[in-house]
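A.B. asks: using only what follows, build the 3D model:
(one chain, ligands or ions: 1)
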Amino acid sequence: MEQDKMMRIGLSMRYLGYHMAAWRHPDVPAGGAIDFKYFLDSARKAEAAKLDMIFFADGIGVRASDTPKGSLTRDSKNAELEPLTLLAAIGAHTSNIGLVATASTTYNEPFHIARKYASLDHISGGRAGWNVVTSWSQQEAWNFSRDEHLGYDERYERADEFVDVVKKLWDSWEDDAFIRNKETGIFYAESKLHVANHKGKHFSVRGPLNSARTPQGRPIVVQAGAAEAGRELAAKNADVVYSASFDILSARKYYADLKSRLRKYGRTADQMLIMPGLTTYVGKTRQEAQDKYDQLQDLIDPLSGLAILYSTLGDLSGYDLDGPVPDISSGPVSSIGDGLIEMARRDNMTIRQLYKHRASGGRQLIGTAADIVDDMETWFREGAADGFNLCPAILPNGLEDFVEFILPELRRRGLFRTEYASSTLRGNLGLKPLLFGD
Ligand SMILES: Cc1cc2nc3c(=O)[nH]c(=O)nc-3n(C[C@H](O)[C@H](O)[C@H](O)COP(=O)(O)O)c2cc1C
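C.D. replies: The predicted structure is shown next:
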């Protein structure tokens, strides 16, 4: 099968894995999230497996609020490495795998972001990607001289202008602007310099960016918000969308909706890849896979369970853990919260069942390699996904299991590459080369 008919697979490798009790698992080094080597080892494994990219979600601060009381002391997510710094270091030890880090448009300036990601693209030879988020927690506001987090509409209005400015800055110089002619003494061609001169509602940025055009033309843009304004931001800008769909019907609806919005921005369906998050528990038998899952679920402390629901559904500690999920509306990350409430109602879930379900973060599949690949293939072939962003429950085991069991089955069915097609992330994702001004 040709490369462009294959799945794209990224590895989201934040913390110690996506399961909230990952740090208590006997095989997981509990201090790994602040250990460069821990991440480098997994990045190398992901590259040996020819995955498209490693991906770091991020928050700028400790976002849990100790609700219910005592939950924060049980949370491993209080210490981690800053992802862009980490990816620059990983980039120096790898050669093909894409390097995607999250950065917030609410708590940064466009010039900083344009400059840092352009630098990562140069350092890595064309492998950088920026996951654009608007942030969602009150705690982050408190780290940036604000009492309140910006409201949804204002955040997205700022994000829209922010990304416009970053793109203008990335287009400061044409490819061949720097002639560096030692004889004539001319370093750059004046006609190939484009000064942004941006003046808008939120930003006033003159430019140009003090960096040459990057190996990919510009870094890959990833977007991960999914309500109305998030979808528009994605349709306008994203090369890759990291989504949080839980079932194939809503995933297909979301996929079709997002792709249909592209035309408005003069873009075509093949210019944006939609990659839902996916956690897999795989074994030689279904029982073995289930045992891996149960082992982790049994390590969840109920206080931590309620805390994980807090960011999407609010404080449920006043309700019976083994009673039904109450009639509430979703919290700050509406695209995730709405999906959870819908699922809880449909499946008559208790609060305990819901937090256990949430413990891995997103959609999870438990079974043999054939079971899991059947499901991935269905999503891929039936218009629900162009690939997946793997969110292993625990690192490195979740990745190692994926490579050992699931990849061979994907390859046997011709669904995933055996070699990299390119040295750039854009090239490996099968996105067409970017001409200056595109
Ligand atoms: C799949 C997914 C991943 C996200 N990852 C992050 C992240 O790493 N850091 C962050 O601050 N916000 C993250 N967000 C939050 C979004 O940036 C946004 O603030 C939030 O989703 C609200 O917008 P929405 O209702 O359009 O989804 C993520 C959202 C989704 C859906």
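A.B. asks: drop to CA atoms for contacts and neighbour counts, all remaining ones
C.D. replies: Fine.
A.B. asks: low-scoring stretches of the chain, by residue?
C.D. replies: For the chain, residues meeting the criterion pLDDT under 70 lie at 1-4, 330-335, 360-361.
A.B. asks: do a quick rundown of the strands in it.
C.D. replies: Assigned by DSSP state E, the strands in the chain fall at 8-12, 53-56, 98-104, 128-133, 178-181, 186-188, 198-199, 204-205, 220-223, 240-243, 273-282, 364-367, 387-390.
A.B. asks: please put the alpha-carbon coordinates of the longest helix along the chain into PDB.
C.D. replies: Ranked by residue count, the top helix of the chain under DSSP state H comes out as helix 152-170. Taking Å, rounded to 0.1, in the frame of the first residue of the first chain, the C-alpha atoms of helix 152-170 are listed here in PDB:
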ATOM      1  CA  TYR A 152     -13.900  30.800  26.000                       C
ATOM      2  CA  ASP A 153     -14.700  33.300  23.300                       C
ATOM      3  CA  GLU A 154     -12.000  35.700  24.200                       C
ATOM      4  CA  ARG A 155      -9.400  32.900  24.400                       C
ATOM      5  CA  TYR A 156     -10.300  31.700  21.000                       C
ATOM      6  CA  GLU A 157     -10.400  35.200  19.500                       C
ATOM      7  CA  ARG A 158      -6.900  35.800  20.900                       C
ATOM      8  CA  ALA A 159      -5.800  32.300  19.600                       C
ATOM      9  CA  ASP A 160      -7.000  33.100  16.100                       C
ATOM     10  CA  GLU A 161      -5.000  36.300  15.900                       C
ATOM     11  CA  PHE A 162      -2.100  34.700  17.700                       C
ATOM     12  CA  VAL A 163      -1.700  32.000  15.100                       C
ATOM     13  CA  ASP A 164      -2.100  34.500  12.200                       C
ATOM     14  CA  VAL A 165       0.800  36.500  13.700                       C
ATOM     15  CA  VAL A 166       3.000  33.400  14.200                       C
ATOM     16  CA  LYS A 167       2.500  32.400  10.600                       C
ATOM     17  CA  LYS A 168       3.300  35.900   9.400                       C
ATOM     18  CA  LEU A 169       6.500  35.800  11.400                       C
ATOM     19  CA  TRP A 170       7.400  32.300  10.100                       C
END
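A.B. asks: contacts only, for the nearest residue to residue 20 once chain neighbours are set aside.
C.D. replies: Take residue 20 and drop its neighbours on the chain: the residue closest to it by C-alpha to C-alpha, 6 or more residues apart in numbering is residue 359, 5.4 Å away. Residues near residue 359 by C-alpha atoms under 8 Å, 6 or more residues apart in numbering: 18-21, 297, 305, 308.
A.B. asks: of the residues you listed - the most surrounded one?
C.D. replies: Comparing the contacts of residue 359 on neighbour count, residue 20 comes out first with 29 neighbours (neighbours: other C-alpha atoms under 10 Å).
A.B. asks: near the ligand, which residues of this protein are found?
C.D. replies: Residues of the chain lying close to the ligand by C-alpha under 6 Å from any ligand atom are 57-59, 102, 133-136, 224-227, 230, 242-244, 333-335.
A.B. asks: may I see the ChimeraX selection of the buried members of those residues?
C.D. replies: Of the residues of the chain next to the ligand, the buried ones can be selected in ChimeraX as follows, counting by 16 or more other C-alpha atoms under 10 Å:
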select :57,58,59,102,133,134,135,136,224,225,226,230,242,243,244,333,334,335
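A.B. asks: now the end-to-end length of stretch 186-199.
C.D. replies: 30 Å (C-alpha to C-alpha, to the nearest Å).
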